[in-house]
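Asker: one predicted model, sequence on top.
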Amino acid sequence: MPAALHEAALKHLQTGRDLEAQLCCQQALSADPTHADSLHLMGVLSLRKQHHDHAVEWFSRAIRQEPRPQYLASLGLALKHAGRLDDALAVIDKAVQLRPDDAALWHQLGGVLMALHRNSDAFATYQHVLKLSPRHWEAAYLSGVLLHEAERLEEALDHLDRSNEWQPDNVSVLSARGRTLRALKRYKEALADCRRAQRLAPDDPIICNNVGDALLQLNRCEEALKWFEKALRLRPDSVEILANRAMALLQLARSEEAIVAYRRVLALDPDHARSAWQIAHLQLLVGNFEQGWEGREARWRVPDFAPDYPKFAQPKWLGKEPVDGKTVLVCLDEGLGDALQFARYIPLLAARGAKVILVVHEALRPLLSNVQGVSECLPFGASLPPFDLHCPIMSLPLALGATLDSIPPESYLPPIPPARIQAWQHRLGPHTRLRVGLVWSGNPHQLNDHNRSMPFTTLAPLLDLDATFVSLQKAIRPEDRLRLDARADVLDVTAELTDFVETAALISCLDLVVTVCTSVAHLSGTLGRPTWVLLPYIGDWRWLTGRDDSPWYPSVRLFRQNDLRSYDVVVKRVRKQLSAMISSFRPPEGEE
């Protein structure tokens, strides 16, 4: 009789008649309180009602009668939902031991390991699932998610491709693959996957946001803005979507609206440091240095910002205490170009009576060791002498009250050793033509690199001009290396540029440097060499807005993209100006 009642309960459960199923189970248990299948089914019914503690009790009673793997799997699920993850892991592990060839049990084990943030163990578990069941789409999908989190992007994409093949048009798979393609900077493909996911789930705000984000990476900012606004209609208080909308407004040069949007983010989430940081950049962009420098201190609350910056026991100095007679350690906290730009404030700090110890990357140390006011210059990782205070180099303008009208001169570097310059003059040969240094890309990990950098081929229209072109490009990308090697008309000596002193010596021998916004732009500008900086439509905050000169570097000229956001147009303008410069070139006296 209990078995028949259990069968009836199963039929009721399959047709969604949970109450009738419960009544049948209760009748079965009245007849036989130890009937394991009915105890298990009562647990299933409790789980469907999200009565997790009751479900745990029912499943446990069933297991005491018969420790079947199926019952253990159900108990593990209930424990997981109840937040008892360690208990769930132990139960599912026991089930796996009883039935080691069951892919479903291994898959469930992987889910608990993921919930415990034991990602490497979860990944190994999902890989075992794929050995037991080679076309298990969900194990492939979750392996892809874990690989993405581990930044093993190509492997992640391979798993997600397989999952998509075995389970076409799955929203979760398409969304994950879109995120991975975005991380790989394959933005067009990312957009295609996001659009497919959105067609399958048109009212999902996160998917609408992902479509907007892919469009934003492709500089289709007006379209992106519409998708963010659609997403916000579905989820008005999403901090992530609001922040993305603010970025779209920023990229559209609608700065005031962007500030309002970022402030909306901060109203919802006062700890959203990246929004405060962006507001500071927008203020600096228009020359509001006082608020901008102070606002940039929010960067220290941005996750993963400056992971190499040491943890000091000494207090941070931001200008409030006198430093006369104190030893202040100034440490690089952002990029190499930032160090070159803001090392100009070190003499002002020393003029206040501070003894300054400077800590920078080894490549910069030979160049900055003899800056006026630096008593000692050390590389990262070196043993530090005693000091009283520390100050990140990018916080010096705040600490010293820097304004747009009080930017120190750029000529703070000591003279480059003449012997090094002479060596490069000899290496370059007779100075019968204009010498032009070229840099076309920066650090690929920089957040805005896809906007600021360009392929080497974009500069090709310059190369047929009658000049000597010299590559200053370090870390050449594979696709650019092939094209550069094919050009006999571009001298590539970057293997010999072992540090910034060597690069400075070479730049001292050039007539012009044409570069995107990288450390070379700052080095060349600091040396006072004629420098043309090619900027995206929305340039970095340090170049301000609406001008083609720079208060930081009098020898720098800015060439900005227009609203077409194309470097082809910029290079066309550069070619015209360079052609005129070549026409008027006369070899320096004594260097013919």
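Answerer: Everything's here; your move. Numbers count the residues shown, from 1 in each chain.
Asker: look at R557 and tell me its secondary structure.
Answerer: Under DSSP: H, G, I helix; E, B strand; the rest coil, the three-state class of R557 is strand.
Asker: which SSE is the closest residue to it other than its chain neighbours in?
Answerer: Nearest non-adjacent residue to R557, counting by CB to CB, 6 or more residues apart in numbering: W532, 5.1 Å away. C-beta here means a position set from N, CA and C on the backbone, and glycine is covered the same way. Assigned by DSSP states H and E, W532 falls within strand 531-535.
Asker: that strand pairs with which strands, and in what direction?
Answerer: Neighbouring strands of strand 531-535 in its sheet, by DSSP bridges, are strand 512-516 (parallel), strand 556-560 (parallel).
Asker: now do stretch 171-182: everything it contacts.
Answerer: 137, 141, 144-145, 148, 153, 156-157, 160-161, 163-164, 167, 187, 189-191, 193-194, 196-197, 200-201, 204, 206-207, 210, 213-214, 217 (CB atoms under 8 Å, 6 or more residues apart in numbering).
Asker: buried residues, stretch 230-249. List them.
Answerer: For stretch 230-249, a neighbour-count test (16 or more other CB atoms under 10 Å) marks 230-232, 234, 238, 240-249 as buried.
Asker: which parts of the stretch 51-200 of the chain are helices?
Answerer: Taking DSSP state H, counting those that start in this stretch as the test, the helices found in the stretch 51-200 of the chain are 52-65, 69-81, 85-98, 103-115, 119-132, 137-149, 153-166, 171-183, 187-200.
Asker: by contact count, what packs against the second one?
Answerer: With contacts defined as 3 or more CB pairs under 8 Å, 6 or more residues apart in numbering; DSSP states H and E, the packing partners of helix 69-81 are helix 36-48, helix 52-65, helix 85-98, helix 103-115.
Asker: could you dump those to CSV with distance to L132 and mean pLDDT?
Answerer: CSV is the format used below for those (distance: least, CB to CB, whole Å; pLDDT from 0 to 100):
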stretch, distance to L132, mean pLDDT
helix 36-48, 24, 81
helix 52-65, 24, 85
helix 85-98, 11, 93
helix 103-115, 4, 95
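Asker: how about those in JSON lines, adding mean neighbour count?
Answerer: Below are those laid out as JSON lines (neighbours: other CB atoms under 10 Å):
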{"stretch": "helix 36-48", "mean neighbour count": "22"}
{"stretch": "helix 52-65", "mean neighbour count": "19"}
{"stretch": "helix 85-98", "mean neighbour count": "18"}
{"stretch": "helix 103-115", "mean neighbour count": "21"}
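Asker: using a markdown table, please lay out the ones you listed together with distance to V171.
Answerer: As requested, the helices and strands packed on helix 69-81 are exported to a markdown table (distance: least, CB to CB, whole Å):
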| stretch | distance to V171 |
| --- | --- |
| helix 36-48 | 24 |
| helix 52-65 | 27 |
| helix 85-98 | 26 |
| helix 103-115 | 19 |
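Asker: rewinding a little: ranking the strands paired with strand 531-535 by burial, who's on top?
Answerer: Most buried of these by mean neighbour count (mean count of other CB atoms under 10 Å) is strand 512-516; its value is a mean of 26.
Asker: that older thread, can you check which of the strands paired with strand 531-535 gets nearest to H426?
Answerer: strand 512-516 (20.1 Å; CB to CB).
Asker: tell me the mean pLDDT over the closest one?
Answerer: For strand 512-516, mean pLDDT rounds to 98.
Asker: same check, this time on stretch 492-507
Answerer: On average, stretch 492-507 scores 94.
Asker: and that stretch, which residues are buried?
Answerer: For stretch 492-507, burial by neighbour count (16+ other CB under 10 Å) applies to D492, T494, L497, F500, V501, E502, T503, A504, A505, L506, I507.
Asker: skip the chain neighbours and tell me the closest residue to the third one.
Answerer: The one in question is L497. With CB to CB, 6+ apart, the residue lying closest to L497 is T503, at 4.8 Å.
Asker: angle of the host helix or strand of that neighbour against strand 531-535?
Answerer: Assigning secondary structure by DSSP H and E places T503 in helix 500-507. Here helix 500-507 runs at 110 degrees with respect to strand 531-535, directions being taken by axes from the mean of the first three to the mean of the last three CA atoms, to 10 degrees.
Asker: and helix 500-507, how far out from the chain middle?
Answerer: Mean-position distance between helix 500-507 and its chain equals 30 Å (CA atoms, centre = their mean, to the nearest Å).
Asker: likewise stretch 479-494?
Answerer: The answer for stretch 479-494 is 29 Å, by CA atoms, centre = their mean.
Asker: and it, end to end?
Answerer: Using CA to CA, to the nearest Å, the end-to-end distance of stretch 479-494 comes out at 17 Å.
Asker: residues in contact with it?
Answerer: Under the contact criterion CB under 8 Å, 6+ apart, stretch 479-494 has outside partners 427-428, 438, 440-441, 455-457, 463, 468-474, 476, 506.
Asker: related to what we said a few turns ago, A122: which of the buried residues of stretch 492-507 is nearest?
Answerer: T494 (42.9 Å).
Asker: which stretches of the protein have low pLDDT?
Answerer: Scanning the chain with the threshold set as pLDDT under 70 gives 9, 590-592.
Asker: what helix or strand is the spatially most central residue of it located in?
Answerer: In the chain, the C-alpha nearest the mean C-alpha coordinate belongs to L447, at 5.4 Å (CA atoms, centre = their mean). In the assignment (DSSP H and E), L447 maps to no helix and no strand.
Asker: list the buried residues of the longest helix anywhere in the chain.
Answerer: Counting residues, the longest helix found in the chain (DSSP state H) is helix 567-583. Buried residues in helix 567-583, defined by neighbour count with 16+ other CB under 10 Å: Y567, V570, V571, V574, R575, L578, M581, I582.
Asker: that helix - contacts with which helices or strands?
Answerer: strand 512-516, strand 531-535, strand 556-560.
Asker: so what touches it?
Answerer: With CB under 8 Å, 6+ apart, helix 567-583 has contacts from 433-434, 436, 454, 458-459, 461-462, 465-467, 511-512, 514, 532, 534, 559-562.
Asker: got the angle for it vs strand 531-535?
Answerer: 170 degrees.
Asker: mind exporting helix 567-583 as PDB, just the C-alpha atoms?
Answerer: Output of helix 567-583 as PDB, limited to C-alpha atoms (Å, rounded to 0.1, in the frame of the first residue of the first chain):
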ATOM      1  CA  TYR A 567      42.900  58.000 -36.300                       C
ATOM      2  CA  ASP A 568      42.900  57.900 -40.100                       C
ATOM      3  CA  VAL A 569      41.600  61.500 -40.100                       C
ATOM      4  CA  VAL A 570      44.200  62.500 -37.500                       C
ATOM      5  CA  VAL A 571      47.100  60.900 -39.400                       C
ATOM      6  CA  LYS A 572      45.900  62.800 -42.500                       C
ATOM      7  CA  ARG A 573      46.300  66.100 -40.700                       C
ATOM      8  CA  VAL A 574      49.700  65.000 -39.300                       C
ATOM      9  CA  ARG A 575      50.900  64.100 -42.700                       C
ATOM     10  CA  LYS A 576      50.000  67.600 -44.000                       C
ATOM     11  CA  GLN A 577      51.800  69.300 -41.200                       C
ATOM     12  CA  LEU A 578      54.800  66.900 -41.400                       C
ATOM     13  CA  SER A 579      55.100  67.500 -45.100                       C
ATOM     14  CA  ALA A 580      55.300  71.200 -44.400                       C
ATOM     15  CA  MET A 581      57.900  70.600 -41.700                       C
ATOM     16  CA  ILE A 582      60.000  68.500 -44.100                       C
ATOM     17  CA  SER A 583      59.900  71.200 -46.800                       C
END
